[in-house]
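>>> predicted model follows, preceded by the sequence.
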Amino acid sequence: MAWKPGSRVRRTQDVAGGLSPTRGRPSADVAAGPAGRHSGSTTSGGTAMEGGYAEVVTAGMLRAVGTVDEFKGRWSRPGILPPERLAALQRVATVETVGSSIRLDGAAMDDRAVERLLFGPQARAFASRDEQEAAGCADALEMVVKSWRDIALTEHHVQLLHGFLLRHAERDARHRGRPRSQPLPQDAFLAPAPDTAAAPVMSAAPVPAPGAATDPAHRLASLLARANADLADDRNHPLLAIAAITGGVLAIQPFQDGNGRLSRLLATLLLLKHGYGYATSASLDRVFEGERVAYDEAARRLREAGTGQDAVARAAWTAFFLDCMARQVATLAERLDREQRMAPLPPLSETIFGAVRAHGRVTVRAATALTGANRNTVKAHLQRLVAEGRLVRRGQRKGTWYELPGGIETTPSKE
């Protein structure tokens, strides 16, 4: 199978078919704890609906929401950056998002390899499963960025997005876009201990029939219904609902594979739908990867949460998710400040710096080949860019490269 970078989305129509420092005072039912609006409602039949907010909104969560919304307002100003610089930020963010997302799901592909795959000059057959996953992740991300206005939070569209994520993964052809037909082991056999409120114990109960509370498709439908209801209610802050939907996907694992990538893709979709346009210019997945241990622990707690533990797991995930969002905007704010205060550079330095903005990093060899300048002159300009804080140096000797401040170190490339 061959894939041509730059034309990843072939048919956009495949998919297109209260708490806030900026919204006023939090209502009493927001902070009411388990009895309040956010404690998890039930269906008419008494089955607990999936998703829902953390029962307690902490001061830390409030600070994170305030930080994100403050930056949202700054980013919405007209002409925040020249178009070419904004495009460069978005290109770097795309590479970081795809690379981090597949690595969070177990791939071993570094950013340089991702960039070559996405923006290389020629179409070619995929060399590995990692490349298949990276291409699918890029397809789905481009679909969301281009068509977020037309993508609703429905079972149909979620299944189509999942299909895009796995569209190039040959091993996943049979189940791409299709919810699991059987619950996970902990879903099928988890039951409350008899006559006690203690933690659940393993039970030899049979696999539930479709439509039961543990059926993956049923749980996904319930999760989406809850999320849409929360997002439609003006008294709710969208960031809390977005945290809930991403955590819900991680908890119920509705598909055989790709649930982590899907949860993070849905976060980007919902951020764009609710006015957080900066989401395409800084990678939230990169922040998650930088906090890999905490991310894995929070996701594990969601998956393993049983009777009496759901509230704790949801609260931990919500706090972690909002903290990562605050880190995301802090990183982007630093980059924005740097872009806006930069004095004019000598032409050679401007060319080198532009290459870093466009590609994420540069080596002395690459900069020399790009500019045609003397190698020692290129080194001097790179040293000046480092001294001025515009670039940072990574690696040692022949493995040295230069990138924008705030990046996460990845495998260096040889000169």
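Everything's here; your move. Residues are numbered from 1 along each chain as shown.

>>> from Leu104, how far out is the residue lying closest to Ala140 once chain neighbours are set aside?
Taking Cβ to Cβ, 6 or more residues apart in numbering, and ignoring the residues beside it in sequence, Ala140 has Phe164 as its nearest neighbour in space, at 4.0 Å. The way it works is simple: take the backbone N, C-alpha and C, and place the C-beta from them, glycine included. Separation of Phe164 from Leu104 (Cβ to Cβ, to the nearest Å) stands at 18 Å.

>>> before we move on, the earlier item: right, and the residue nearest to Ala140 touches Gly136 too?
Yes: under the contact definition of Cβ atoms under 8 Å, Phe164 touches Gly136, with a separation of 6.5 Å.

>>> ok so, going back, which one of Phe164 and Leu104 is surrounded by more residues?
Remark: of Phe164 and Leu104, Phe164 carries more neighbours, 26 against 19, as counted by other Cβ atoms under 10 Å.

>>> state the helix or strand in which the more buried one lies.
In the assignment (DSSP states H and E), Phe164 maps to helix 155-165.

>>> list the buried residues for that helix?
Glu155, His157, Val158, Gln159, Leu160, Leu161, His162, Gly163, Phe164, Leu165 (16 or more other Cβ atoms under 10 Å).

>>> just give me the neighbour total for Asp337.
For Asp337, which is what you asked about, the neighbour count (other Cβ under 10 Å) is 10.

>>> same question, Asp215
23.

>>> try Glu297
Neighbours around Glu297, by other Cβ under 10 Å: 14.

>>> tell me the mean pLDDT over the host helix or strand of it?
Under the criterion DSSP H and E, the helix or strand holding Glu297 is helix 292-304. Rounded to a whole number, the mean pLDDT of helix 292-304 is 91.

>>> what sits against the residue most central in space within the chain?
The C-alpha lying nearest the average C-alpha coordinate of the chain belongs to Arg264 (Cα atoms, centre = their mean; 3.5 Å). Shown in contact with Arg264 (Cβ atoms under 8 Å, 6 or more residues apart in numbering): Ser101, Leu104, Thr246, Leu284, Asp285, Phe288.

>>> measure it to Pro344 for me?
Using Cβ to Cβ, one gets 38 Å for the distance from Arg264 to Pro344.

>>> Gln396 now?
Gln396 sits 32 Å away from Pro344, going by Cβ to Cβ.

>>> so who does the closest residue to His274 other than its chain neighbours touch?
With Cβ to Cβ, 6+ apart as the measure, Pro238 is the residue that lies nearest to His274, at 4.2 Å, once sequence neighbours are left out. Pro238 makes contact with Leu231, Leu270, His274, according to Cβ under 8 Å, 6+ apart.

>>> for those residues, which single residue is the most surrounded?
Ranked by the number of neighbours (other Cβ under 10 Å), those place Leu270 first, at 24 neighbours.

>>> touching, it and Leu231? I think so.
Yes: here Leu270 reaches Leu231: they are 7.4 Å apart, a contact under Cβ under 8 Å.

>>> so Val65 is in contact with Leu239, correct?
Yes: using Cβ under 8 Å, Val65 is in contact with Leu239, at 5.5 Å.

>>> which helix runs longest in this structure?
Selection of the longest helix in the chain by residue count, based on DSSP state H, yields helix 310-341.

>>> next, give phi and psi for Thr154.
Phi and psi for Thr154, reported as degrees, to the nearest 10, are phi -120, psi 160.

>>> ok, it - contacts?
With contacts defined as Cβ under 8 Å, 6+ apart, the neighbours of Thr154 are Leu224.

>>> the longest helix of the chain vs helix 292-304, what angle?
Following axes from the mean of the first three to the mean of the last three Cα atoms, to 10 degrees, one obtains 150 degrees for the angle between helix 310-341 and helix 292-304.

>>> can you give me the strands for the protein?
Listed in chain order, the strands found in the chain under DSSP state E are 2-3, 124-125, 190-191, 201-202, 361-362, 392-394, 401-403.

>>> mean pLDDT lowest where, among those?
For the strands of the chain, where the average pLDDT is lowest is strand 201-202, sitting at a mean of 31.

>>> do you know how far Thr94 is from Leu62?
Distance of Thr94 to Leu62, computed by Cβ to Cβ: 31 Å.

>>> which one's more surrounded, these two?
Thr94 (22 against 17).

>>> got the contact list for the more buried one?
Residues near Thr94 by Cβ under 8 Å, 6+ apart: Leu118, Ala138, Leu141, Thr280.
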